[in-house]
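In: how would this look folded up:
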Amino acid sequence: MKIENPNPIQWQFSERAQQLQSSAIREILKITQRPEIISFAGGLPSPATFPVERMKAAYDKVLSENGKQALQYGPTDGYAPLREWVADYLSTEGSRIVPEQILMVSGSQQALDLLGKVLIDEGSRVLVETPSYLGALQAFSVYRPEFQSVDTDDHGLVPSSIEPLAKGARLLYSLPNFQNPTGRSLSIERRRELVETCARLGLPLIEDDPYGALSYKGEPMPRMLSMNPDGVIYMGSFSKVLTPGIRLGYVVAPLPLVRRLELAKQAADLHTATLTQMVVHEVVKDGFLDEHIPTIRNLYANQCQVMLDAMAEQFPEGVTWTRPEGGMFIWVTLPKHIDAMKLLDQAIAARVAFVPGAPFYANKPETNTLRLSFVTVPPERIREGIATLGKLIKDQM
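Out: Take a look at the predicted model:
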């Protein structure tokens, strides 16, 4: 029996809930579900790279041989064999990572939330790149930090710009490999300078690395984690090298911090799905990624080149863009008078979508920027979409 409610509830949301905002990318993706839209908006891996049969076989094997364990609760820090695999995968000759430093998480987005929960108080100073990953800005914003934007140039984050901003800062968040949104990467020299600067200042450095394995040349850059395991917090994910639907990532941190993160995760969701962790371990344990990742690199490299060639042909003088050597994104800078948000409205009307650059800035957004992703769009559609976008830009020159 339905109870009549003469006094509808007046929901009293917390101040934290009232400040939550939807991701600009997620809102745009709702529009791009229409099949006629050529979407350069989503940061989605290509479904063509998903190892469906390998995953299916792994699920069958895990459930057949260890079904009762796979379907049971598990430890908060994660499935031990998978943590051991991650530790071996990340260890180098001069820097040994141990499983106790690793916390398995429900996608690296959860790691960002846990790090914010453990390290950030209201008003805490947090250093981020200019521009930075939107998902990190969202995750940290819940804890009301004071964002400080670190300078960047065509080669990524500028380490020499950190010290004037670092006093009292809780952390510096960086994406050194094929950054989202710009596609830029840090040189080895800048990585060393960044690690040395943060170590000297006692500043925790987050190294978010979802794209590091996707170097088109097949030569990943050295991890900053290996340069200073006591001062670098490393985040990794299986989303870009297997499939994002499994929602599985990991964070590597010094023991005092990883224990705090474990307690925060325990309060959030007890543990990451046991079945998922066991399946991923079954898939990766015998070297599958060594044969699988090159196929992803080749596909993305080819589609990136198609887009770069089309942009060189179709975009007018005065427009500049990055030329990534890996990952999934190209960053475009338009003449100052062109507002990418207004351009997006015109582009969607012409059946093309992209992500305006402004939401990627913690401070002082540059409205004449935008991000393009090429990995889910076939070459002929890339050429068509870039031609349309180029015409719209020319009309505003």
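
In: which residue ranges of the stretch 101-250 of the chain form helices?
Out: 108-119, 134-141, 188-201 (DSSP state H, counting those that start in this stretch).

In: output the ones you listed in TSV, with distance to Leu261 appended to each entry.
Out: Where C-beta positions appear, they are placed from N, C-alpha and C, glycine not excepted. Converted to TSV, the helices of the stretch 101-250 of the chain look like this (distance: least, C-beta to C-beta, whole Å):
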stretch	distance to Leu261
helix 108-119	5
helix 134-141	13
helix 188-201	19
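
In: which one of those helices lies closest to Glu163?
Out: If you check each of the helices of the stretch 101-250 of the chain against Glu163 by C-beta to C-beta, helix 188-201 wins as the nearest, at 6.5 Å.

In: before we move on, back to that, in JSON lines: the helices of the stretch 101-250 of the chain, plus distance to Gly231 and mean neighbour count.
Out: Below are the helices of the stretch 101-250 of the chain laid out as JSON lines (distance: least, C-beta to C-beta, whole Å; neighbours: other C-beta atoms under 10 Å):
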{"stretch": "helix 108-119", "distance to Gly231": "13", "mean neighbour count": "23"}
{"stretch": "helix 134-141", "distance to Gly231": "19", "mean neighbour count": "22"}
{"stretch": "helix 188-201", "distance to Gly231": "5", "mean neighbour count": "17"}
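
In: dump those helices to CSV, plus distance to Ile31 and mean pLDDT.
Out: Below are the helices of the stretch 101-250 of the chain laid out as CSV (distance: least, C-beta to C-beta, whole Å; pLDDT from 0 to 100):
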stretch, distance to Ile31, mean pLDDT
helix 108-119, 22, 97
helix 134-141, 17, 95
helix 188-201, 37, 97
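
In: tell me which of those lies nearest to Gln303.
Out: In terms of C-beta to C-beta, the element of these nearest to Gln303 is helix 134-141, at 22.2 Å.

In: how far does the helix or strand harbouring Ser64 sit from its chain's centre?
Out: Element membership of Ser64, judged by DSSP states H and E, is helix 52-70. The chain centroid and the centroid of helix 52-70 are separated by 28 Å, computed with C-alpha atoms, centre = their mean, to the nearest Å.

In: may I see the buried residues of stretch 78-93?
Out: Using 16 or more other C-beta atoms under 10 Å as the burial criterion, the residues of stretch 78-93 that qualify are Gly78, Tyr79, Leu82, Arg83, Trp85, Val86, Ala87, Leu90.
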